[in-house]
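Participant: Next come a sequence and a model predicted from it.
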Amino acid sequence: MKMGDYMPCPSVMLTRLTNAFPVWVSIASLLALYRPGLFTWFSGPYITIGLAIIMLGMGLTLEASDFGRVARRRRLIALGFVLQYTVMPLVGWLSAALFALPAPFAVGLILVACCPGGTASNVMAYLARADVPLSVTMTAISTLLAAVMTPSLTTLLASSRVDVPAAGLFASTVQVVILPVIAGLLLKRALPAMTRAVLPAAPLVAVVMIVLIVGSVIGAGRDDILEAGVRLVLAVATLHAGGFLIGYVLSRAFGADIVAARTISIEVGMQNSGLGVVLARQNFASPLFAIPSAISSLFHSLIGSGLVGVWRRHAVSGVDAPRGTRL
């Protein structure tokens, strides 16, 4: 047997590296706290470009048939959408009040709570043997409607603390979410061969961009994070733990089967933290507003990974495991 026979193929390596997403985020967060300069170079327009690359990759994975699922699974899609934009914003607002966060951290927490589902949720749904097509569709729908929902909800819940630039949030969301997703859809249609060639690497590229964004924001806000300490960490952890738990409980209460409830739980509990970072950086003067979004990326990954481990060991019998995933 040749030495090469022992080596995993490139696609397997890409999958393994992508699935280790929580590990990379954790390492980057610790390194950023220890030596901020390792990541703070990735700032300003680089963060906006990084998120646009992530959303472009998501657009490359989508097809018209993904949106056709909405017609066939309207109830589940509607349930996931409603929970995404009610549970998380309310838990974010309550967490900010419960832990008496300073205004920049409170508004930043509410902002990330009002963001759409995170693209990493599709990977988590796959690993948890949940319903990947449902996860992809819910992510796409919540993302496309974020241009309206995120600014509106943030203004409603956070305007009593600071002036929230709703128009700026709307414009930023269109710029870094809607346009890249549409560009990805058009590229896939116009250049299918190129899309097939680059698609296997798209999830890992997204992971790299998220890790750089998280490291940059945590590095830049190192002193403030250490000063806020336990309160900020507990508030972010409460936000995501509440999202996962309430998303699952309410899904079951409204009649979703176990697999669908797990999928919705993951989708509700995992936010597009990168979008939160970009919106905070572009629309608020202080860099402190972006810190909750950066910490959010770490905690939703850690909590999601824990649930993946539990749900993989307790997979629902008689349900086929998803065949693939798209980030």
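Facilitator: Perfect, I can see it now.
Participant: So, low pLDDT: which residues of the stretch 201-327 of the chain?
Facilitator: Along the stretch 201-327 of the chain, segments meeting pLDDT under 70 span 228, 315-327.
Participant: So which residue is smack in the middle of the chain?
Facilitator: residue 118 (2.1 Å; CA atoms, centre = their mean).
Participant: Leaving out sequence neighbours, find the closest residue to that one.
Facilitator: In this structure, residue 118 finds its nearest non-sequential neighbour in residue 270, 4.1 Å apart by CB to CB, 6 or more residues apart in numbering. Glycine gets a C-beta too; all of them are placed from N, C-alpha and C.
Participant: hang on, residue 201 packs against residue 14?
Facilitator: Yes: using CB atoms under 8 Å, residue 201 is in contact with residue 14, at 6.2 Å.
Participant: Count the neighbours of residue 313 for me.
Facilitator: 7 (other CB atoms under 10 Å).
Participant: quick one: contacts for it?
Facilitator: Listed by CB atoms under 8 Å, 6 or more residues apart in numbering, the contact set of residue 313 is empty.
Participant: Phi, psi for it please.
Facilitator: Per-residue torsions, residue 313: phi -80, psi -20 (degrees, to the nearest 10).
Participant: How about residue 39?
Facilitator: phi -130, psi -20.
Participant: give me the number of residues near it?
Facilitator: 22.
Participant: Which residue, other than its chain neighbours, is closest to it?
Facilitator: residue 215 (3.2 Å).
Participant: immediately after the strand or helix carrying residue 227, which helix or strand?
Facilitator: Element membership for residue 227, per DSSP states H and E: helix 222-228. Where DSSP H and E defines the elements, the next helix or strand beyond helix 222-228 is helix 230-253.
Participant: wouldn't the residue nearest to residue 118 be in contact with residue 124 here?
Facilitator: Yes: between residue 270 and residue 124 there is a contact under CB under 8 Å: 6.5 Å.
Participant: if we can go back for a sec, tell me the gap between the helix or strand in which the residue nearest to residue 39 is found and the middle of its chain.
Facilitator: Following DSSP H and E, one finds residue 215 within helix 202-220. Chain-centre distance of helix 202-220: 12 Å, with CA atoms, centre = their mean, to the nearest Å.
Participant: tell me which strands and helices that helix is in contact with?
Facilitator: Here helix 202-220 touches helix 10-19, helix 21-34, helix 45-61, helix 120-127, helix 273-283, helix 291-313, going by 3 or more CB pairs under 8 Å, 6 or more residues apart in numbering; DSSP states H and E.
Participant: residues near residue 193, how many?
Facilitator: 6.
Participant: thinking again about what came up before, any common contacting residues for residue 270 and residue 124?
Facilitator: With CB under 8 Å, 6+ apart as the test, residue 270 and residue 124 both reach residue 304.
Participant: Show the backbone phi and psi for residue 87.
Facilitator: phi -60, psi -50.
Participant: check contacts around the residue lying closest to it once chain neighbours are set aside.
Facilitator: Nearest non-adjacent residue to residue 87, counting by CB to CB, 6+ apart: residue 246, 5.0 Å away. Counting by CB under 8 Å, 6+ apart, residue 246 makes contact with 83, 87, 91, 268.
Participant: if we go to 10 Å?
Facilitator: 83, 86-88, 90-91, 265, 268-269 (CB atoms under 10 Å, 6 or more residues apart in numbering).
Participant: Ok, residue 245 next?
Facilitator: Residue 245 touches 87, 91, 265, 268-269, 303, 307, counting by CB under 10 Å, 6+ apart.
Participant: could you dump those residues to JSON lines with neighbour count?
Facilitator: Shown next, in JSON lines, are these (neighbours: other CB atoms under 10 Å):
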{"residue": "87", "neighbour count": "21"}
{"residue": "91", "neighbour count": "24"}
{"residue": "265", "neighbour count": "31"}
{"residue": "268", "neighbour count": "33"}
{"residue": "269", "neighbour count": "30"}
{"residue": "303", "neighbour count": "21"}
{"residue": "307", "neighbour count": "20"}
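Participant: I'd like the residues you listed as a markdown table, with distance to residue 221 appended.
Facilitator: Shown next, in a markdown table, are the contacts of residue 245 (distance: CB to CB, whole Å):
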| residue | distance to residue 221 |
| --- | --- |
| 87 | 27 |
| 91 | 23 |
| 265 | 29 |
| 268 | 26 |
| 269 | 23 |
| 303 | 22 |
| 307 | 28 |
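Participant: where's stretch 95-114 relative to the chain centroid, distance-wise?
Facilitator: Counting by CA atoms, centre = their mean, stretch 95-114 comes out at 18 Å from the chain centroid.
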